[in-house]
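Asker: I need the structure of the sequence given here:
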Amino acid sequence: MPAPRKYPDELRERAVRLYRQSEPRPSFKRLAEQLNVHPEALRNWVRQAEADAGEREDRPSTDMVAENRRLAAENAELRRVNEVLRAANAYFASEIGPTRRWS
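Answerer: Numbering: from 1, shown residues only. Reported below is the predicted structural model:
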């Protein structure tokens, strides 16, 4: 279960929208003070929104991060299954006994 978020999603969306629609662009510090959020949090929200929109290449999009997490979990599950199969194989091979070589 993920940790609870400090700021609601509506505030995040509103903050990003305000930043992107403002001309000239305000500083993160000033806008963060107006919204009562931490400036680094606002900067990260804006950068992530830009990555999700395909405007930035220096960070992965939210969809890509979710896909990577899903694949990592699937990979871990497959590794566990392989370990169980190896253990079962070793157990049953020892019951059969040593293999005989035919001459």
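Asker: any idea how far apart the tips of stretch 44-64 sit?
Answerer: The first and final residues of stretch 44-64 sit 17 Å from each other (Cα to Cα, to the nearest Å).
Asker: just how off-centre is it within its chain?
Answerer: 12 Å (Cα atoms, centre = their mean, to the nearest Å).
Asker: okay, residue 67 and residue 54: tell me how far apart.
Answerer: From residue 67 over to residue 54 the distance is 16 Å, taken as Cβ to Cβ, to the nearest Å. Bear in mind the C-beta positions are built from the backbone N, C-alpha and C, glycine included.
Asker: out of these two, which sits in the more crowded spot?
Answerer: The neighbour comparison of residue 67 against residue 54 (other Cβ atoms under 10 Å) goes to residue 67, with 12 against 8.
Asker: show the contacting residues for the most centrally placed residue in the chain.
Answerer: Nearest to the mean C-alpha position of the chain, by Cα atoms, centre = their mean, lies residue 65 at 3.7 Å. Contacts for residue 65 (Cβ atoms under 8 Å, 6 or more residues apart in numbering) come out as none.
Asker: thanks a lot, see you next time.
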